[in-house]
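Engineer: Sequence plus predicted model, see below.
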Amino acid sequence: MKPFAILAAGAVLAASFAPLASGQTIPPLAYVQPVSPAGVQAVQQHLRQAGAYSGAVDGVWGSDSVVALQQFQASHQLQVTGQLNQATVATLGLDPQTLLGAQPAAAAAPAPPPADTLRPGSVRAVQERLRSLGFYTGGVDGVWGEGTQNAVGQFQRNRGLEPSGQLTPATVTAMGLSPSALVYR
């Protein structure tokens with residue numbers, strides 16, 4: 001009887017990870033409302049402490065974070081969703097208010113300049129990076145247009161960032177670029 005139970009548990013786990021293997025985009029991490037980057041870092045840190053996560057504690061909700069959360073949920077007999085719910089938050093030992101972490105207005109970073117004021121070389125760097133990540137199929141021409149902006153929005157949605165289509169410091173960093181390397185006119 002035990003081998004059957006182990007096989008059944010393996011099938012449930014495999015089915016829960018199947019959406020990630022099929023190349024679907026990863027929904028942003030949410031708990032009643034979207035989780036702040038600091039909240040994502042808290043989840044990643046707690047998953048690391050539980051031994052389920054070995055990735056960077058960077059506040060970016062990617063496929064490695066989803067898999068770790070699914071593994072944690074499965075190992076604690078929770079509903080395996082890869083998303084936060086009250087039971088998962090409680091089992092992780094997290095404070096729900098920490099996850100939502102509204103930043104005080106005084107601590108908010110200033111808005112970056114509009115992307116259409118980037119110098120062509122910086123736009124090309126963004127376009128090349130988005131292309132290498134599979135989000136941009138247009139020409140690497142150094143012109144900030146609708147295709148580039150849409151690709152940035154898709155990238156943000158995929159990484160659990162606010163899908164504004166704008167180059168925020170968090171977006172640029174998640175792309176693997178340095179915000180200070182972007183040059184504006």
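Structural biologist: Looks like it came in fine. Being a predicted model, the structure only gives us computed values, none of them experimental. Residues are numbered from 1 along each chain as shown.

Engineer: use CA for all of it now, contacts and neighbours both
Structural biologist: OK.

Engineer: Buried residues of stretch 147-160, list them for me.
Structural biologist: 147-160 (16 or more other C-alpha atoms under 10 Å).

Engineer: Report the mean per-residue pLDDT for that stretch.
Structural biologist: For stretch 147-160, mean pLDDT is 88.

Engineer: what do you get for stretch 85-98?
Structural biologist: Average pLDDT, stretch 85-98: 79.

Engineer: Run through who's touching that stretch.
Structural biologist: 31, 38-39, 42-43, 46-47, 73, 76, 78 (C-alpha atoms under 8 Å, 6 or more residues apart in numbering).

Engineer: can I get those residues in TSV with distance to Gly138?
Structural biologist: Putting these into TSV (distance: C-alpha to C-alpha, whole Å) gives the following:
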residue	distance to Gly138
Tyr31	35
Ala38	33
Gly39	34
Ala42	37
Val43	36
His46	40
Leu47	38
Gln73	40
His76	45
Leu78	43
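
Engineer: min pLDDT across the residues you listed, which one?
Structural biologist: Tyr31 (57).

Engineer: coming back round to it: quick one: which of the contacts of stretch 85-98 is nearest Leu130?
Structural biologist: Ala38 (24.5 Å; C-alpha to C-alpha).

Engineer: Can you classify Thr148 as helix, strand or coil?
Structural biologist: Here Thr148 is recorded as helix under DSSP: H, G, I helix; E, B strand; the rest coil.

Engineer: before we move on, back to that, show me which of the buried residues of stretch 147-160 is closest to Ala56.
Structural biologist: Arg159 (13.5 Å).

Engineer: what separates stretch 64-80 from the chain centre, distance-wise?
Structural biologist: Put simply, stretch 64-80 sits 16 Å off its chain's centre (C-alpha atoms, centre = their mean, to the nearest Å).

Engineer: buried residues in that stretch?
Structural biologist: 64-74, 80.

Engineer: So which helix or strand of this protein has the lowest pLDDT on average?
Structural biologist: One helix or strand of the chain scores below all others by mean pLDDT, DSSP states H and E: helix 2-21, with a mean of 43.

Engineer: re the thing from before, so which of the contacts of stretch 85-98 is the most crowded?
Structural biologist: Tallying neighbours with other C-alpha atoms under 10 Å puts Val43 at the head of the contacts of stretch 85-98, with 27 neighbours.

Engineer: give me every residue that touches it.
Structural biologist: Counted by C-alpha under 8 Å, 6+ apart, Val43 has contacts 92, 94, 99.
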